[in-house]
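*Asks:* sequence plus predicted model, see below.
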Amino acid sequence: MPNPRTVGFKQHERNVFFHILTACNLSCSHCYINPEQHGSQTLPIETIEEWLRLFHDEQKKSNLIFLGGEPTMHPDLARAIKSAQQIGYQSVTVDTNGYLFHDLLGKISPDDAVISFSLDGPNAEINDPIRGEGVFTTCTENIKKAVADNFDVSVIYTVSRMNIDHLHLMPSLLNDLGVKRFFIQVIGIRGKSAGKKKDRLQLTQEEWLSVIPPVAKEAARLGIHVIFPKVFLEKDETFTCAGLAAENFFIFPNGRVYKCPLCEDFPVHSLSIKNNRIINNSGLTEERFFTLQISEGCVMNKLMQPGNITYDKSGHPVHRISCCLLKQEIPAAK
Ligand code: SF4
Ligand code: SF4
């Protein structure tokens, strides 16, 4: 089985993460949505289409991810997906909690979008205390339906202390469900996770490295493509900030646009959408942080979630923390 390969930032791609609403039917314990900072409005379809046009770059491969809240609660999501394709987005993904409101699968075809389901446990006993009662059953039933309807289906598992011990059960579950792509995500200390429980959520390097790569290899052995964050840089690896080296836009319904997801709890967004135009913000924006060089690697990680950094006796960090957007992958073995 090959070792994980780091997926470098791609200069010729643009990723647009579009939160079309912040409402959700669930109330997950680690939800990063923060209506005070992100707004609580549901964008009208006309606005969604205007903003899709604003952020499409025909010179680049433009990838679009619809997010919420729960994006399938938007009654016009199917139209938004088709509009995105007409505008020229080369890939469209819908990140859903699994409820698939408004008969989404009945209104689009498998060529229109990848459906990415969130599950935080391999069974209801682990998943439901995090995501809500009954969620595991609903989500897995809809995964089966999407697979049976020939949709390209992926699953995201957000790892924290609450569920890391059960991650090893995911590969066989995904194999049984027919899922071919698995994203292992690390908990971000944002939104609700930034509360009192944060010290019990974040993982150490030992916890991360002893669990995630072996589970990823097992999933790949079963024919599942696995992607997971780098988090801890090796001594010979270069630190790069995606805010400088890549094009990622995290758009919220109140018109804020961030380039770094770790900044989303604060009004430091580098761009705003006003009157259907993109405005470059001045003053203290996230861009000021992107150029700072520190021995711990990512400045925002050090400021926001330093629980994953350890220091040696002389006060030097044992490892640097990579950009949270830097990924590793292991391709499916068959
Ligand atoms: S499904 Fe997503 S948006 Fe909804 S509560 Fe859970 S994490 Fe938050
Ligand atoms: S997570 Fe850190 S390295 Fe990545 S974009 Fe944000 S500030 Fe830059």
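*Replies:* Nice, I can see it. Being a predicted model, the structure only gives us computed values, none of them experimental. Numbering: from 1, shown residues only. Ligands and ions are numbered 1, 2, ... in the order given.

*Asks:* what's across from residue 184 in the sheet?
*Replies:* On the basis of DSSP bridges, residue 184 is bridged to residue 157.

*Asks:* and the gap between it and ligand 2?
*Replies:* 17 Å (C-beta to the nearest ligand atom, to the nearest Å). C-beta: built from backbone N, CA, C; applies to glycine.

*Asks:* cool, residue 212 as well?
*Replies:* In terms of C-beta to the nearest ligand atom, residue 212 sits 18 Å off from ligand 2.

*Asks:* quick check, the residue in the stretch 51-200 of the chain closest to ligand 1?
*Replies:* The nearest approach of the stretch 51-200 of the chain to ligand 1 comes at residue 97, 3.5 Å away (C-beta to the nearest ligand atom).

*Asks:* I figured residue 280 was touching residue 270, is that so?
*Replies:* Yes - at 7.0 Å, residue 280 counts as touching residue 270 under the criterion of C-beta atoms under 8 Å.

*Asks:* before we move on, back to that, the residue of the stretch 51-200 of the chain closest to ligand 1 contacts residue 131, correct?
*Replies:* Yes - checked against C-beta under 8 Å, the pair residue 97 and residue 131 is within contact range at 7.0 Å.

*Asks:* shared neighbours of the two, which are they?
*Replies:* Residues touching both residue 97 and residue 131 (C-beta atoms under 8 Å, 6 or more residues apart in numbering) are 26, 28, 118, 139.

*Asks:* low pLDDT regions in the protein?
*Replies:* Within the chain, the segments meeting pLDDT under 70 span 1, 188-201, 334.

*Asks:* how about the residues of it by ligand 1?
*Replies:* 24, 26-28, 31, 33, 68-70, 97 (C-beta under 6 Å from any ligand atom).

*Asks:* make it 5 Å
*Replies:* Residues of the chain lying close to ligand 1 by C-beta under 5 Å from any ligand atom are 24, 26, 28, 31, 33, 69, 97.

*Asks:* between those, identify the one with the most neighbours.
*Replies:* residue 97 (25 neighbours; other C-beta atoms under 10 Å).

*Asks:* excluding chain neighbours, what is closest to the residue of the stretch 101-250 of the chain found nearest ligand 2?
*Replies:* At 3.3 Å from ligand 2, residue 241 is the closest residue in the stretch 101-250 of the chain, using C-beta to the nearest ligand atom. Residue nearest to residue 241 in three dimensions, not counting chain neighbours: residue 290, with 4.8 Å by C-beta to C-beta, 6 or more residues apart in numbering.
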